[in-house]
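Colleague: Here is my input, please return the structure:
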Amino acid sequence: MRFSDLVVALELLSRHEVNDALQVQSRSGRALGEILVEMGLLSAHTVAELQDGLPPPPDSIAQLGIDTRIVLDMLVKFLSNTGQGSTASIAETLAISRRLSTVLIETARAQGIVELKPGIVAGELRVDLTPRGRSMAVEAFANSAYIGPLPVSLDEYSKRVLRQTIRGELVTAEAVASAMVPLVVEESLLAKVGIAANAGRSILLYGAPGNGKTSIAERMVKTFGAMVLVPHCFEVAGQIVKVFDPSVHRKLGSGGVSRATSSSLFADEFDPRWVPCRRPFVSAGGELSLDMLDLKFEETARFYEAPLHVKAMNGVLLIDDFGRQLVRPDALLNRWVVPMDRRIDFLKLHTGQSFQIPFDQLLVFSTNLSPRDLMDGAFLRRLPYKIHVQEPSSGDFARLLRTTAEDSGIDYPEAAIAFTIETIQQHGTPLAFYQASEIPQQIADYCQFLGRAPIADESTIRFALGNLLVD
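Modeller: Residues are numbered from 1 along each chain as shown. Model (predicted):
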């Protein structure tokens, strides 16, 4: 697949954007990747990753890099579960190319595990288990009930994580400003956020509630343009750990088509055990507990679900409302002392065996509590970027109020904006960005209920502020 077609197929760019770049290339004779970077359409990191080559599809069982028994066990479990299979259905379920599916069937046939029988499945010969294969399936299900894409090895996964580290991508001031739209963020705060994101080190966002700490953290992942590859799962000590999570990982290249179509689109281009995704964003708030940072063993199915921070690998992990979790702040920070310092983590299987894995994400803590009340000096040192998100100035508040009122269809005269600010300040409550977003919405609700024209005046403003401000 040509480079221009690949970036479109992965939905990194539209065909129109690529055609514009190709026209520039035809006039200049320069490399397409260089032009895409210059036009601000792709980062240099993404171009380098795509041009260096994605992991090629394995052509043999040995090239999968995992024990052959795991591969054969997955095959017999699938056939036992479905009753029969074909080259195509095996390739789709195990996330391998059709070429390798054919090789696998022949290998299993040579060992007396499967046999080809008359009858057509999806236009191909039917693959059935032999008595030996059915016996193998019973044993395989006893070890693990997981049926799905084959795992990559832990070593291969770790190398890929380090290769696509979040520290390897240059974050520009333009990317930060674009990511924060439509938030009203002062230039000095934009610079701090950009520098911290570019460093890829732990960040503490603190300040009064309602001023955009969470919104800023949620948008930080947009400052990174690179594609990352996420494995469906990886294997360690014969155990399978699921990583890819559709609720977390934004898959590229599907374009709303079925999984079968999407898989076959790239099966001959690169190893389909990897899923091309945007850098992930994972958020945990008051529900966070220490066990969410450990491998979750599914007792019945006998495989593992990756913990929260592993799903956030190569992306952004936000600990929101830090200090209000089920777990004490010092216990949470103690859990991450080594990962934050050495960029590695240790996870433990239910067998008691531990293994090492990279710790590579932008770790962001957000709190409206005093940092000194949450942690001692040693932990504050481990959060090198401590960013105070302050309340808005009167000018910033007015600007956001004007914008949100327009978006809500509210006529908000300048005199009404001045009245709003003056009333809040006289109440003794600090201005906050959330107020500028909430007031127009409450006025819209009020006017709609009473059948009034959507206009901000003293009565509608006092109604909204009466709900927002506490006496």
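
Colleague: Does the host helix or strand of Glu422 pack against any helices or strands, and if so which?
Modeller: Glu422 is part of helix 414-427 when elements are defined by DSSP states H and E. If you count contacts as 3 or more C-beta pairs under 8 Å, 6 or more residues apart in numbering; DSSP states H and E, helix 414-427 packs onto helix 394-407, helix 458-468. (C-beta placed from N, C-alpha, C; glycine too.)

Colleague: hang on, Pro304 packs against Lys242?
Modeller: Actually, residue 304 is Tyr. It isn't Pro. Yes - between Tyr304 and Lys242 there is a contact at 6.8 Å, judged by C-beta atoms under 8 Å.

Colleague: how about low-confidence regions in the stretch 101-250 of the chain?
Modeller: 120-123 (pLDDT under 70).

Colleague: Please enumerate the strands of it.
Modeller: Counting by DSSP state E, counting those that start in this stretch, the segments of the stretch 101-250 of the chain that form strands are 114-121, 124-129, 152-153, 203-206, 227-231, 233-236, 239-242.

Colleague: Let me see the mean pLDDT of the helix or strand where Tyr304 lies.
Modeller: According to DSSP H and E, Tyr304 maps onto strand 303-305. Mean per-residue pLDDT for strand 303-305: 96.

Colleague: Who does it pair with, and is each partner parallel or antiparallel?
Modeller: strand 239-242 (parallel), strand 296-298 (antiparallel) (DSSP bridges).

Colleague: Residues contacting it, please?
Modeller: Strand 303-305 has contacts (C-beta atoms under 8 Å, 6 or more residues apart in numbering) with 144-146, 233, 239-242, 295-298, 349.

Colleague: wait, which of those is closest to Leu308?
Modeller: Lys296 (9.8 Å; C-beta to C-beta).

Colleague: partners of the closest residue to the closest one other than its chain neighbours in the sheet?
Modeller: Leaving out its chain neighbours, the residue that sits closest to Lys296 by C-beta to C-beta, 6 or more residues apart in numbering is Glu305, at 4.2 Å. Beta-bridge partners recorded for Glu305 (DSSP bridges): Lys242, Lys296.

Colleague: mind checking how far Glu305 is from Leu295?
Modeller: Distance of Glu305 to Leu295, given as C-beta to C-beta, to the nearest Å: 7 Å.

Colleague: what does Gly83 give?
Modeller: 33 Å.

Colleague: secondary structure element for Leu317?
Modeller: Counting by DSSP H and E, Leu317 is part of strand 316-319.

Colleague: for that strand, the distance to its chain's centre please.
Modeller: 10 Å (C-alpha atoms, centre = their mean, to the nearest Å).

Colleague: Summarise which helices and strands it is packed against.
Modeller: Contacts defined by 3+ C-beta pairs under 8 Å, 6+ apart place strand 316-319 against helix 213-220, strand 281-284, strand 362-367.

Colleague: Would you convert these into CSV that also reports mean neighbour count?
Modeller: Putting the helices and strands packed on strand 316-319 into CSV (neighbours: other C-beta atoms under 10 Å) gives the following:
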stretch, mean neighbour count
helix 213-220, 22
strand 281-284, 20
strand 362-367, 26
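
Colleague: Okay then, goodbye and thanks.
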